[in-house]
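Asks: below: sequence and its predicted model.
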Amino acid sequence: MPMLILTRLPTPTLPPHHHSADPSTKYTPYPPLPNPPPARHWPARRLTRAPIWLSTDLRDGNQALARPMSPAQKRAFFRHLVRCGFKEIEVAFPAASDAEFSFVRGLVEGDEVPGDVWIQVLTPARAELVHRTFAAIAGARNVILMLFHAAAPCFRTLVFGKTKPELVALATAHTRLVRALADEHARRYGTRFRLLYGVEAFSQTEPEFVVEICEAVREAWGRAGTTFEEKIMFNLPSTVEIAPPNHYADQIEYFCTHMKNRDEIIVSLHTHNDRGTAVAASELGLLAGADRVEGCLFGNGERSGNVDLVTLALNLYTQGVPCGLDFSALADTVALYTRCTALPVHPRHPYAGELVFTAFSGSHQDGIKKGLEARAKAIEAAANCEGGDNDNDDVARARAQAQKWTVPYLPLDPADVGRVYEAVIRVNAQSGKGGVAYVLRACLDVDLPRGVQQEFARVVQGRADADGREVSAEELVEVFVDFYHIEGAVTAGGRETRGKARVVLGTCAVVRAERAEREVVAFQGRISVDGQSFTLKGEGATPLEAFLAAVESRTGLRFAAIETYRHASLDSTSADMFSFVQLVETGLEDVVTTNDHSHTQDFTWGVGVDIDKDRSLIRAAVSAMNNHLGARPLSLSGDETKEVLRVLHDDYALPLPVAMHDAVGDICTEGDAVGLAPEQIAAGFVARFCHTPGGSLGTALLSFSISRARTAPALRLLAAVLLHGTEKEVEGSGGDALECLLSGIAGDVGLLTVRAVHVEARHGAAKGSRHVAFVQLETDGKEVAWGVGLDDDMTTATLQAALVAAANCGQDRRR
C-alpha cells in the first residue's frame, strides 16, 4: 500500500511586499456614517443602571486559548460564573465538535444550570448545524439560541459570494427553521427559548443594511413582544475593532433609532479590543441605547481579546451604580481564571491586578494615608451624631455622606473586592513618609508624629536604595525596631520584636513628692551601657527631666528634650503607650540655641513602648540616646555592680562566673532602693546565696554518704539536710551526686533541672572552704535561682550550692 509522508507543513503564499516611503498609505480609514444624525443624544447621557451581562468565557474565551479548557475546568468555570451572579452564560458552539456538544449535554443532563440562568448556544446559518445545536440543548430549561452570519461587504463578496437580497433570504429562512425547532422543543421538553440574531462584523457593515436584515429577521421570527422573554435580541459586534469608540456608539445609536418597535428589542454589544478601547466602546454603546453586554473575564478572547466584564462592571460600581455581579472575592476569580485558562492576570490589570491598589510614590502614599484617616474620623463622627425626632433625616444624611468613598488615588475601596488595606501602600526607594507611616500604623498600631516620619523615611529610602528592591512590611517593622532599639513590641502578626542597643533600661521607678510647696519627681533605676550595669538617681520637674538629670549625674552627658509626643496604642485591646522624644545634647561647642538650651544641631528621635506612660517616655529617651551616641565611647563616673563584684572577689574570695552577674545586678537594684553601700550589698548577697553551716535560708547540708548501686542508676545518696528550717533524711539515686540530691528533695521542692554548674578554687581561703561551687537550677515553671557552696571537697561544695539554689527557688515562689 503506498504511504504518504508529509515532510513539512506548507506555508501560506503571501503577496510580495512592496516597500513605500509611507507604509501607512496601504490602510483605509473607517467610513463615516452615510447619513449622520443631526444631533447625537448619547454624549449627554449617563449610565444609571447595569446592562444584562452575558459571559462568553466558555465559548469566545475558550476558543482563543492555546490549550482549551478540559470539561472539568469548564464546569468549574461555569459554576464560578453562576456564583458571580451571571444569569446568561454562553456555554458552547455545539455543532463545532463532539467535545462542545458533550459539554452542553453534560450541563443539561447533570442539572448544572440553575432555574434562573439562561444558557446560550450559537450556530451559523446552516440547516444541518442548526439541527445539531438543537439536539445538544434538548431538555434544557432556558435557552438563548444565537443564529449568526456576517453581512459586511468583504464577507458578501469574498466569502459568501451573495448579494444583499440573497443574504436577507439566508437569514430569514434559517430564522424560520429556528422558530419551528424552538416550538417543537417547547412542546416536547417545556424549554423556554429566546432568539439572538448576530450580525457578524456589524461595525464594518452598512448601518442601513443592518437595519434592513434585522427587521426581516424579526418578522421571520414572528413572536417578538414587549415582555423580557418575548423580546428578540440583536447582537451587534465589533468583530474587529477598526474605529474609535465614539464611532461605534454612533452606529449603535443609528440602529436603536431606526429599528421599529424598539421596546420589543434587546440590543446586545460584543466588542473586541483590537484598538485597546473595548471597555470604552461598550460604555459608549450603552449610552447610545444598548441593553446587553457580551464579554469575558479579564478580557480574554481572540487576538487582543473581548471586552473585560470585570473592568466594565466595576467601572459602573464605582459610579454608584449596582452592577449586578459579585466580585467581592476577586482574588478567587483571578485564581480560578488563571488555573483554568493558564493565562496570567497582569499586575496592573484594572481592579484585579496585584499592584492596582498599591502605591510606591511618596505623594500618593501620603494622599491615601490622609484619605483613609479622614474617612475613619468622618464615619466615627457620623456614628456619634445624635438628634431629636426632627433631626433623624439630617443624621441619616450625615451618616450616608460619611460613607461616601473619597480617598485620593483609590477609585475603589479595596475591601469591596476582598483586598486588605495593608497591601495598599508598599515601600521602595520612591516612597515617602506617609507610606512608611501607614505601613507601621497597620503593623504596629502606632501613629508616628511628623518628625519621626521624616527621620525614619530617610532610613527606609537608604535601605531600599541599597537593596535595590521593595521593602516588605515585615522588613519595615524590623528596620523600625532596630533603628529605634525597641524592646518587646508586638507586631500585628503577633511576633515580639527584639531591638539592639548599647544603652538598655532596666528596672526603674518614678516617685512624685511635695517639696517646698512644689512637686518634685524622683527617678531611680538601673541602666546598662555596653553590658555594664549601674544605678541612676535623679530629680526634676517631670519624669523625663528626672531621668535626664540622673543620666547626667552618672555619665556627664547632658541632654535636653526638644519635642515629646505620646499616644495609646491604636489597638483598643492593647494597654501599650507609645512615646516619642526628640533629644539634643547640650553644653557643647559649636552650638545653637533652641528652647533656651545651647546645643549642637544633631537632633535625634527616640521611640518607647510600655504599659506605663512614664516608662514609655523614658524608654523613648533611651532610644534617642542610642541613636545619638552611635559608636561614640562613653565613660561612666561609677559602676555599682562592678564595685560589688570587686568586694565579693577581694573580701569574700568569691570569683563569680559571668552568668551570675545578673543576680548581682538584681541585688544591687534592691540595695539601691534602701540606700545600701556596695559593702552592704555584697554582705546581703553572701547571706542570700552562700551555704553556711547554720543555714542562712533555714537550709544546710548536714551530712551525706554516696554508695554505688549494682544496677542503674549507678549512684545512691543518703543525706541529712536542713530544708526550710526542717531537718530531715533524704534518699535519692542518679548518675551523679547532684542528680541524686535533686532526686531526694524532689518531694519537698518539686522537679528541678540543672542549668549551670561552676566549681573553682578559692585562692587564699581558709581551710575548710578551699573550693567554691556555683549551681543554677530551674523549676518546671521556668523559675531559676542560684546557690553557692564552700568546702574543701568539690562534691560537698556542689551539693551545698544545689541545696541553697533549691531553697532560693522555693523562696521566690513564696514571695
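Replies: Yes, it's here.

Asks: which residues of the stretch 51-200 of the chain fall in helices?
Replies: Remark: helices assigned in the stretch 51-200 of the chain by DSSP state H, counting those that start in this stretch are 62-63, 71-84, 98-109, 127-136, 153-154, 164-189.

Asks: so which of those is nearest residue 447?
Replies: Counting by C-beta to C-beta, residue 447 lies closest to helix 71-84 out of the helices of the stretch 51-200 of the chain; the figure is 38.6 Å. Any C-beta I mention is one placed from the backbone N, CA and C, and that applies to glycine too.

Asks: rounded mean pLDDT for the closest one, please.
Replies: Averaged across helix 71-84, pLDDT comes to 97.

Asks: likewise stretch 512-522?
Replies: Rounded mean pLDDT across stretch 512-522 is 80.

Asks: end to end, how far does it reach?
Replies: With C-alpha to C-alpha, to the nearest Å as the measure, stretch 512-522 spans 6 Å from end to end.

Asks: can you give the distance of that stretch from its chain's centre?
Replies: On the basis of C-alpha atoms, centre = their mean, to the nearest Å, stretch 512-522 sits 50 Å off its chain's mean C-alpha point.

Asks: buried sites along it?
Replies: 521-522 (16 or more other C-beta atoms under 10 Å).

Asks: ok, now stretch 549-564?
Replies: Residues of stretch 549-564 classed as buried under the neighbour-count rule (16+ other C-beta under 10 Å) are 549-552, 554-555, 557-562, 564.

Asks: circling back: out of the helices of the stretch 51-200 of the chain, flag the one nearest residue 280.
Replies: Counting by C-beta to C-beta, residue 280 lies closest to helix 71-84 out of those; the figure is 22.9 Å.

Asks: dump the closest one to PDB, restricted to CA.
Replies: C-alpha atoms of helix 71-84 as PDB (Å, rounded to 0.1, in the frame of the first residue of the first chain):
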ATOM      1  CA  PRO A  71     -14.600  19.600  30.500                       C
ATOM      2  CA  ALA A  72     -13.900  19.600  34.300                       C
ATOM      3  CA  GLN A  73     -12.300  23.000  34.000                       C
ATOM      4  CA  LYS A  74     -15.200  24.300  32.000                       C
ATOM      5  CA  ARG A  75     -17.700  23.000  34.600                       C
ATOM      6  CA  ALA A  76     -15.700  24.700  37.400                       C
ATOM      7  CA  PHE A  77     -15.700  27.900  35.400                       C
ATOM      8  CA  PHE A  78     -19.400  27.700  34.800                       C
ATOM      9  CA  ARG A  79     -20.200  27.200  38.500                       C
ATOM     10  CA  HIS A  80     -18.000  30.200  39.400                       C
ATOM     11  CA  LEU A  81     -19.800  32.400  36.800                       C
ATOM     12  CA  VAL A  82     -23.100  31.400  38.400                       C
ATOM     13  CA  ARG A  83     -21.700  32.300  41.900                       C
ATOM     14  CA  CYS A  84     -20.600  35.700  40.500                       C
END
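
Asks: what comes into contact with that helix?
Replies: For helix 71-84, contacts defined as C-beta atoms under 8 Å, 6 or more residues apart in numbering pick out 55, 57-58, 62, 69, 89, 91, 99, 102-103, 106-107, 112, 114, 117, 325-327, 332-333, 336, 339-340.

Asks: any of the residues you listed buried? List them.
Replies: Buried among these by 16+ other C-beta under 10 Å: 55, 57-58, 62, 69, 89, 91, 103, 107, 117, 325, 327, 333, 336, 340.

Asks: which SSE is residue 512 in?
Replies: Assigned by DSSP states H and E, residue 512 falls within strand 503-515.

Asks: pLDDT below threshold where in the stretch 651-800 of the chain?
Replies: Counting by pLDDT under 70, the stretch 651-800 of the chain has low-confidence residues at 669, 672-675, 695-696, 764-768.

Asks: turn the helices of the stretch 51-200 of the chain into TSV, including distance to residue 740.
Replies: Formatted as TSV, the helices of the stretch 51-200 of the chain follow (distance: least, C-beta to C-beta, whole Å):
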stretch	distance to residue 740
helix 62-63	79
helix 71-84	68
helix 98-109	78
helix 127-136	87
helix 153-154	103
helix 164-189	91
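
Asks: which one of those helices lies closest to residue 647?
Replies: Of all the helices of the stretch 51-200 of the chain, the one in closest proximity to residue 647, counting by C-beta to C-beta, is helix 71-84 (77.8 Å).
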